[in-house]
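In: Build the 3D model from these lines:
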Amino acid sequence: MLVMLLAAAALAAAPMPVPVDYGAPVAYAESVRIGEAFVREDLADPDSAKFKWPFSFVAFSEKVPMFKRTTGYATCLTYNAKNAYGAYVGYRQYRITIRNGKVIDFAKVSDLRFVPDICKELADKFGMGAAPVGNP
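Out: Numbers count the residues shown, from 1 in each chain. Next up is the predicted model:
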């Protein structure tokens, strides 16, 4: 009987997990618009950008050592654009995270040394699937 009481007390004292706040969800098309506007800001020729959004956005939370936790809605995209010499540089894959209508993280997948294939992890761990039909 004493063992059962101690076990019940231990369970009652265990902290409840804090729900993760990913921010307000944003419609897929609006997320794409936000993401493309963000990318175009730093391009030599913003009008030349060609985007591919093959995946849906998923609720995402990541804690990288020595950095604060990032939570929001993430996906992977590729884009190609002209450089300052007028030549296309080739499609490259990026991960983008949006929270409350703002881009909070944008990283070239090959630069993410902590996770070799972040897009595979998003698909496997967070359930990122194909983009909605008729995506931009």
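
In: Quick check: which element contains the spatially most central residue of the chain?
Out: Nearest to the geometric centre of the chain sits A74, at 2.1 Å (C-alpha atoms, centre = their mean). Assigned by DSSP states H and E, A74 belongs to strand 70-80.

In: how far is that strand from where the chain is centred?
Out: 4 Å (C-alpha atoms, centre = their mean, to the nearest Å).

In: partner residues bridging the residue nearest to the centre of the chain?
Out: Beta-bridge partners of A74, counted by DSSP bridges, are V58, T97.

In: confidence score at it?
Out: If you check A74, the pLDDT there is 92.

In: Assess the claim that it and F57 are in contact.
Out: Yes: counting by C-beta atoms under 8 Å, A74 does reach F57; the two are 6.6 Å apart. Glycine gets a C-beta too; all of them are placed from N, C-alpha and C.

In: Quickly list what's touching both of those two.
Out: Any residue near both A74 and F57 by C-beta atoms under 8 Å, 6 or more residues apart in numbering counts here, and that gives 98, 128.
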